[in-house]
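Novice: fold the following and give me the result.
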Amino acid sequence: MIAFSSQIISMRCLQSAPGAHCDFHRHSFHEFTLVTDDETTNGYASGKARSIPNTLYLFHTGELHGHWNAPNQSPRFW
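Specialist: Predicted structure coming up:
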């Protein structure tokens with residue numbers, strides 16, 4: 001017999017403005033983030049990395065992460 005537990009799943013799409021950023025932060029839950037439409041810089045526990053469109057991240061519970069757009073970058077985050 002397999003036991004299943006209920007989980008709350010939330011989804012949103014954020015159109016990020018040119019030059020916008022979201023400083024390092026953390027959550028009490030796992031987060032998948034899909035970057036689409038443009039490049040950006042994503043930050044995570046080990047530092048920062050260039051993110052090209054269609055890059056998928058998994059941030060674990062409590063893991064620091066954030067993003068920083070250049071003045072000409074306007075990605076979507078799913």
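
Novice: quick one: pLDDT of the most centrally placed residue in the chain?
Specialist: Closest residue to the average C-alpha location of the chain: Thr33 at 3.7 Å, with CA atoms, centre = their mean. For Thr33, the model assigns a pLDDT of 94.

Novice: in which helix or strand would I find it?
Specialist: strand 31-36 (DSSP states H and E).

Novice: from the chain's centroid, how far away is that strand?
Specialist: 5 Å (CA atoms, centre = their mean, to the nearest Å).

Novice: ditto for stretch 14-28
Specialist: 8 Å.

Novice: and for stretch 33-53?
Specialist: The answer for stretch 33-53 is 7 Å, by CA atoms, centre = their mean.

Novice: excluding chain neighbours, what is closest to Pro18?
Specialist: Ser74 (5.0 Å; CB to CB, 6 or more residues apart in numbering). Yep, even glycine has a C-beta here, placed from its N, CA and C like the rest.

Novice: distance of the one you found from Asn42?
Specialist: 15 Å (CB to CB, to the nearest Å).

Novice: higher neighbour count, these two?
Specialist: In this view Ser74 and Asn42 are compared by other CB atoms under 10 Å, and Asn42 has more residues nearby, 22 against 17.
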